[in-house]
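K.L.:
dropping a prediction and its sequence here:
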Amino acid sequence: MSGGVDSSVAAALLVGEGHDVVGATLKLWGGPSDSGCCSVADVDDARRVAQQLGIDHHVFNLTEEFDRHVVAPYVRAHVQGRTPNPCIECNRAIKFDRLLERSARLGFDALATGHHARVTGEGPGPRRLRRGADAAKDQSYVLSMLGQAELARVLFPVGEMTKADVRGHAAGLGLRTAAKPDSQDVCFIGSARGREGFLADRVELHPAEVIDGRGETVGTVDAVELVTLGQRRGMGHGSDGGRHYVVAVDVPARRVTVGSAAEAVITSVVLPRASVTWVDRALRDGDRAVAQVSAHGRPAACVVAQAEDGLVVRFDAPQRPVAPGQTVALYDVGDPDTVVGAGIAA
């Protein structure tokens, strides 16, 4: 229970179905935050909702694990010129690893969350991870690393509901979180100083020159570690008036290369073998799939191939660059609502 409306309603639905439910809130971030889901107010909201539902509520302190598996890799990735996704890593290492393991150790049959996604399949057969019923709130992308071991023991009670239905249900029960706004940002990054301020407190940030395809200097950036592949904000315009897009980032050389929109495209992306996970069975050479490269990105048709350096995803049509460190989720071409696997772009 994060203190938001989705997890509040997830708990309420399970209580209504007669399950023995215990609320658990994670204390993950020990530093200042005003934009995520780890504040004292959020913990208090979760506790109050648990009281309203008549269930026990516990707070689990996983700050050390969160720092080791989410925050530290986030900082390291920026130093390396990569674009990390801390929410996915939190799901991978904390919510569906440490918390799932703890729930089993405490004797519970399942872990339920407020994610907008669906798990189908029962009995000894395989589980399927599918998009949430509300396309605008679908969170299957950030859960795309889950496999059979996790899916057999997780529940997503609001996955069949729209966000409006969730809020309506919460309001009908009089839950204090019914009208609470959704969390929008990374929970450990404050809105006042943002990503730059957070990283500047932990690593040295370096200015860099911005060059075009001819090698001519066309500008500068204050911190090369904050630039991401495909970025257009702050990159200026070319001589033809068209916007510049980042086509390469070289952190050691303190150099950012920009090009036109036509130059800032890719036709394939490599997912290193160690980063690839499958929900059930692996795709084979030549299998078709649908790729999604951000939480609410537009799905793109593709073909996959096994290569020496990992899984190669070849797009049917040119796509905006996929920044190194970003997750590429793969969906079933015959049922684009069903996740088949995921990997992290090299």
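P.N.:
Structure's in. What do you need? Computed from a predicted model, the values in this text were never measured in an experiment.

K.L.:
who's in contact with Val224?
P.N.:
With contact set as C-beta atoms under 8 Å, 6 or more residues apart in numbering, Val224 has these partners: 81, 205-208, 249-251, 254-256. All C-beta atoms are positioned from the backbone trio N, CA, C, and that covers glycine.

K.L.:
looking at these, which is nearest Leu146?
P.N.:
Using C-beta to C-beta, Gly81 is the member of those that lies nearest Leu146, at 28.2 Å.

K.L.:
helix/strand/coil for the closest one?
P.N.:
What DSSP: H, G, I helix; E, B strand; the rest coil gives for Gly81 is coil.

K.L.:
list the contacts for it?
P.N.:
So Gly81 contacts 224-225, 249-251, 324 (C-beta under 8 Å, 6+ apart).

K.L.:
just the buried residues out of those, in PyMOL syntax.
P.N.:
Burial among the contacts of Gly81 is assessed by 16 or more other C-beta atoms under 10 Å; the matching PyMOL selection reads:
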select buried, resi 224+225+249+251+324
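
K.L.:
need the contacts of Gly81 in JSON lines (columns: secondary structure).
P.N.:
JSON lines is the format used below for those (three-state DSSP):
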{"residue": "Val224", "secondary structure": "helix"}
{"residue": "Glu225", "secondary structure": "helix"}
{"residue": "Val249", "secondary structure": "strand"}
{"residue": "Asp250", "secondary structure": "strand"}
{"residue": "Val251", "secondary structure": "coil"}
{"residue": "Pro324", "secondary structure": "coil"}
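
K.L.:
residues near the spatially closest residue to Arg130 that is not a sequence neighbour, how many?
P.N.:
Leaving aside its chain neighbours, Arg130 sits nearest to Arg118 (4.3 Å; criterion: C-beta to C-beta, 6 or more residues apart in numbering). Using other C-beta atoms under 10 Å as the criterion, Arg118 is surrounded by 19 other residues.

K.L.:
now swap in Val119 and tell me
P.N.:
19.

K.L.:
beta partners for it?
P.N.:
Listed beta-bridge partners, Val119: Leu129 (assigned using DSSP bridges).

K.L.:
ok, it to Asp56 distance?
P.N.:
In this view, Val119 and Asp56 are 25 Å apart by C-beta to C-beta, to the nearest Å.

K.L.:
same deal with Val221?
P.N.:
The value you get for Val221 to Asp56, if C-beta to C-beta is used, is 51 Å.

K.L.:
higher neighbour count, those two?
P.N.:
Val221 (22 against 11).

K.L.:
tell me the spacing between Gly241 and Ser260.
P.N.:
Applying C-beta to C-beta, the value for Gly241 to Ser260 is 11 Å.
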